[in-house]
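In: what follows is a predicted structure for the sequence shown.
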Amino acid sequence: MWRAPGRVNLIGEHTDYNDGFVAPIALPLGITARVTATTDGAVHARSVGVEPARFDLAGLAPGTVEGWAAYVAGVVWALAERGHDITGADIDLDGDVPHGAGLSSSAALECVVAIALDDVFGLGLTRDELIAVARRAENDYVGLPNGVLDQSASLLCRAGHVLLLDTRSGERRHVPFDLAAAGLALLVIDTRAPHRLVDGEYAARRRDCEAAAAELGMTALRDVVDLVAALAALTDERLRHRVRHVVTENARVLEVMGILDGGGDLRAIGPVLIASHMSLRDDYEVSSPELDLAVSAALGAGAHGARMTGGGFGGSAIALVDAASADDVTAAVTAGFAAAGFGPPSVFAAVAADGAHRVEV
Ligand code: GLA
């Protein structure tokens, strides 16, 4: 049996499809898969709380399987596209990463199916190849044009470390991230607010970035070295805001890594997280009233820093707090949500866990 986790991204939001840097940790929450090879030319997939799915491998193509099983079918299809023929499989899934919370339950599902099929059929794929398969499933089968953050986190992260990934070169480093030793905790605040317009808006941000890079004559916004000059060269006000977010966010990833590498006070990460949130809210325009409230209520209750994490428009925020004040911050955020007439959030402390791994049964 295999397990692949969800994630929170510490810093580096909407940078991955701009060839930039990301810095996620994997969560202890994830999805497990037990896969048995069969030869009947079909996949049977079951998961707790949803309708079982069955699809034929012959004729499998984008659009042939819909709903939750599309993530499973997408992985099988992406493997077939690479020349790996799956003869049939029974797939039993279970999980505890909430769906729609911006914690990458979809990537966890894709990654656990990919790594379990790889194992059962002896395909011998590397983790990087599995990332490519899982991402292809999401991009080309499910149809979401996302970057490589979520699948990389699910397959590469290590317990006790934040993953610093250069999404252009693939270069990576596992940077020690021991908040507990510093008397700190990272709270995840799942707003439980439904994602609004996520898919269309995500693709729209991506198009904005591509348009800006094209106008600047660059491959990707990662290539901007002089932000002032780049902003002056752009004619469209909205694109200027998008570019400013991406370029400053990339710099913030490196700033946080400098703090982690420097071995100094980890509280110094806090202001960088706040700056990231403001940039995502004002320049990138992907926050939501619930996310903004989660951040302001956490800061008001003494958090050192807080920001939305993931794609935005709902989902989750993170807050860096003194471990001793975690309960107070949780209570303040919960009270703030009630006062605003929002449904109750779900708040828990994130621990940097291992990426996809085999689990004994
Ligand atoms: C979603 C996408 C990722 C990334 C984030 C924003 O989670 O799946 O690829 O772009 O949004 O950082």
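Out: Sure, I can see it. Numbering: from 1, shown residues only.

In: how about stretch 61-73: buried residues?
Out: Along stretch 61-73, these residues count as buried under the neighbour rule (16 or more other C-beta atoms under 10 Å): 65, 68, 69, 70, 71, 72, 73. C-beta: built from backbone N, CA, C; applies to glycine.

In: nope, stretch 296-303 is what I meant
Out: Of the residues in stretch 296-303, 297, 298, 299, 301, 303 count as buried by neighbour count, 16+ other C-beta under 10 Å.

In: before we move on, what about stretch 238-248?
Out: Of the residues in stretch 238-248, those scored as buried under the neighbour-count criterion (16+ other C-beta under 10 Å) are 239, 240, 241, 242, 243, 244, 245, 246, 247, 248.

In: which pair of those spans the longest distance?
Out: Looking at those by C-beta to C-beta, the two members farthest from one another are 239 and 248, with 14.8 Å of separation.

In: beta partners of residue 24?
Out: For residue 24, the residues forming beta bridges with it (DSSP bridges) are residue 9.

In: isn't it up against residue 148?
Out: No - Residue 24 sits out of contact with residue 148 when judged by C-beta atoms under 8 Å, with a separation of 10.7 Å.

In: between those two, which is the more surrounded one?
Out: residue 24 (29 against 20; other C-beta atoms under 10 Å).

In: for that one, give me its contacts.
Out: Taking C-beta atoms under 8 Å, 6 or more residues apart in numbering as the contact definition, residue 24 lies against 7-10, 12, 149-150, 152-153, 157, 162-163, 165.

In: just those: which are in strands?
Out: Among the contacts of residue 24, DSSP state E puts 7, 8, 9, 10, 162, 163, 165 in strands.

In: can you name the residues of this protein that neighbour the ligand?
Out: 9, 13, 14, 16, 17, 146, 147, 149, 150, 310, 311 (C-beta under 6 Å from any ligand atom).

In: how deep is the second one tucked in, by neighbour count?
Out: So that's residue 13. There are 28 residues near residue 13, going by other C-beta under 10 Å.

In: where does it land on pLDDT?
Out: With respect to pLDDT, residue 13 has a value of 98.

In: next one: residue 35
Out: The model's pLDDT for residue 35 equals 98.

In: can you check the one 4 residues further on too?
Out: The model reports residue 39 with a pLDDT of 97.

In: quick one: secondary structure of residue 64?
Out: Applying DSSP: H, G, I helix; E, B strand; the rest coil to residue 64 yields a three-state assignment of coil.

In: ok, it touching residue 73?
Out: Yes - with contact defined as C-beta under 8 Å, residue 64 and residue 73 form a contacting pair (7.0 Å).

In: what touches both of these two?
Out: Looking at what touches both residue 64 and residue 73 (by C-beta under 8 Å, 6+ apart), the common residues are residue 55.

In: and the pLDDT for the closest residue to residue 315 other than its chain neighbours?
Out: The spatial neighbour of residue 315 that comes closest, neighbours along the chain excluded (C-beta to C-beta, 6 or more residues apart in numbering), is residue 102 at 2.2 Å. Predicted confidence (pLDDT) for residue 102: 92.

In: same question, the one 5 residues further on
Out: The per-residue pLDDT reported for residue 107 equals 98.

In: count the residues that sit near it.
Out: Under the neighbour criterion other C-beta under 10 Å, residue 107 is assigned a count of 30.

In: can you confirm it is in a helix?
Out: Yes - counting by three-state DSSP, residue 107 falls inside a helix.

In: what about dumping the CA coordinates of stretch 12-26 to CSV?
Out: Written as CSV, here are the backbone C-alpha positions of stretch 12-26 (Å, rounded to 0.1, in the frame of the first residue of the first chain):
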residue,chain,number,x,y,z
GLY,A,12,6.3,31.0,-3.5
GLU,A,13,2.7,31.2,-4.7
HIS,A,14,1.8,31.4,-8.4
THR,A,15,5.5,31.2,-9.2
ASP,A,16,5.7,27.6,-10.5
TYR,A,17,4.2,28.3,-13.9
ASN,A,18,6.6,31.3,-14.2
ASP,A,19,9.6,29.0,-13.9
GLY,A,20,10.2,30.4,-10.4
PHE,A,21,10.9,29.0,-6.9
VAL,A,22,8.5,27.2,-4.6
ALA,A,23,8.9,26.0,-1.0
PRO,A,24,6.3,23.5,0.2
ILE,A,25,6.1,21.1,3.1
ALA,A,26,4.1,17.9,2.9
